[in-house]
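Engineer: Need a 3D model of the sequence below.
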Amino acid sequence: MKLMPLPQRHLKCGRFELDLSVPHIMGILNVTPDSFSDGGHHHQVNDAVKKALEMMQQGATIIDIGGESTRPGAAEVSLEEELCRVIPVVKALSQYEVILSIDTSQPEVIQQAVLNGAHIWNDVRGLTRQGALSMAAGLDIPVIIMHMRGEPTTMNHLDQYENVTHDVMNEIEQRVQDALIAGVKVDNIIIDPGFGFAKNAEQNFELLNEFWQLNKLGYPILSALSRKRFIGAATAQSDPQARAVGSVAGHLLSIQQGACMVRVHDVREMADAIAVWKMMQM
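Structural biologist: Numbers count the residues shown, from 1 in each chain. This next block holds a predicted model:
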């Protein structure tokens, strides 16, 4: 593991600006009935808003709203259903002073979300859906390009790598180049190595140990390993909700290697860890 500084730049998110020289917490808000850790907990708009406000109070500067489970084996959600899940929550939260990220691969969903107050597109499929590249360019908003192979139904069979870090970086770089060619602005690109997506436990830990190498690509980095199965493998915790400490440790290792955003379920615990890390930087 190699310690790396965070980016000395700002990210424009609508009326907000994020100082990327300090780490930011992206609080996970799944408005789904079937997400692996918290599915069904925030399916109603009032419950989702309550959870978002709680995460903001605990230290989240970004709320990531997702209407489709992308856990291994998850079935696809129709466009109409995803819109029904996501847009009412975006409308309700747009009145608050918080950056809203939308965890979707559907161009139509992000378009409607931005019209209703969202700021960031978090796409686990890396802008591979039809029309995604042109939509990202046209909306002119920050977009998180994540590494994944296949779909949630097939990704567990696509974890063959010669060198996982090298291969992930090459595949992310290709998706970034496609985005740039399509007209996405370089200052709008964030990358995510996709922990848990088409990677087994050993590969995830190898990628975490070599996370610093992602800085060579030259883009801000999001780390998203909260409560994932490989954290449970290390901590012998089969219950995702019992993986908070392991998740915080993994995210802190990511921050030390250059991640400027961490996507988490356990906001208060992560905020405490970052507060200690900040004291060590003084």
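Engineer: alpha carbons only for contacts and neighbour counts from here, please
Structural biologist: Fine.
Engineer: Surely Pro220 touches Val262?
Structural biologist: No - counting by C-alpha atoms under 8 Å, Pro220 stays clear of Val262, with 11.4 Å between them.
Engineer: Name the residue in these two with the higher neighbour count.
Structural biologist: Using other C-alpha atoms under 10 Å, the more surrounded residue of Pro220 and Val262 is Val262, with 28 against 25.
Engineer: wait, isn't the more buried one in contact with His24?
Structural biologist: Yes - using C-alpha under 8 Å, Val262 is in contact with His24, at 6.4 Å.
Engineer: Note down every partner strand of the longest strand seen in the chain and its orientation.
Structural biologist: Ranked by number of residues, the top strand in the chain under DSSP state E is strand 24-30. As defined by DSSP bridges, the strand partners of strand 24-30 come to strand 62-66 (parallel), strand 261-264 (parallel).
Engineer: going on from the last one, what's the next piece of helix or strand?
Structural biologist: Toward the C-terminal end, the helix or strand that comes next after strand 261-264 (DSSP states H and E) is helix 267-280.
Engineer: Now do that following helix and strand 24-30, the angle between them.
Structural biologist: 170 degrees (axes from the mean of the first three to the mean of the last three C-alpha atoms, to 10 degrees).
Engineer: who's in contact with helix 267-280?
Structural biologist: 23, 25, 27, 55, 58-60, 244-245, 248, 252, 264 (C-alpha atoms under 8 Å, 6 or more residues apart in numbering).
Engineer: which helix is the longest one in the protein?
Structural biologist: Among the segments of the chain that qualify as a helix by DSSP state H, the longest is helix 164-182.
Engineer: which outside residues touch the helix or strand following that helix?
Structural biologist: For helix 164-182, the following helix or strand on the C-terminal side (DSSP H and E) is strand 189-192. Strand 189-192 is contacted from outside by 142-147, 172, 176, 219-224, using C-alpha under 8 Å, 6+ apart.
Engineer: and with 10 Å instead?
Structural biologist: 11, 120-124, 126, 141-148, 168-169, 172-173, 175-176, 179-180, 214-215, 217-224, 259-262 (C-alpha atoms under 10 Å, 6 or more residues apart in numbering).
Engineer: starting at the chain centroid, how far to it?
Structural biologist: 9 Å (C-alpha atoms, centre = their mean, to the nearest Å).
Engineer: now the angle from the helix or strand that that strand is followed by to helix 164-182?
Structural biologist: Downstream of strand 189-192, the first helix or strand assigned by DSSP H and E is helix 201-209. Here helix 201-209 runs at an angle of 70 degrees relative to helix 164-182 (the same axes, to 10 degrees).
Engineer: Quick check: neighbours of whichever helix or strand comes after helix 201-209 in the sheet, parallel or antiparallel?
Structural biologist: Using DSSP H and E, the helix or strand that directly follows helix 201-209 along the chain is strand 222-223. Applying DSSP bridges, strand 222-223 is found paired with strand 261-264 (parallel).
Engineer: If anything else comes up later, I'll come back, but that's it for now.
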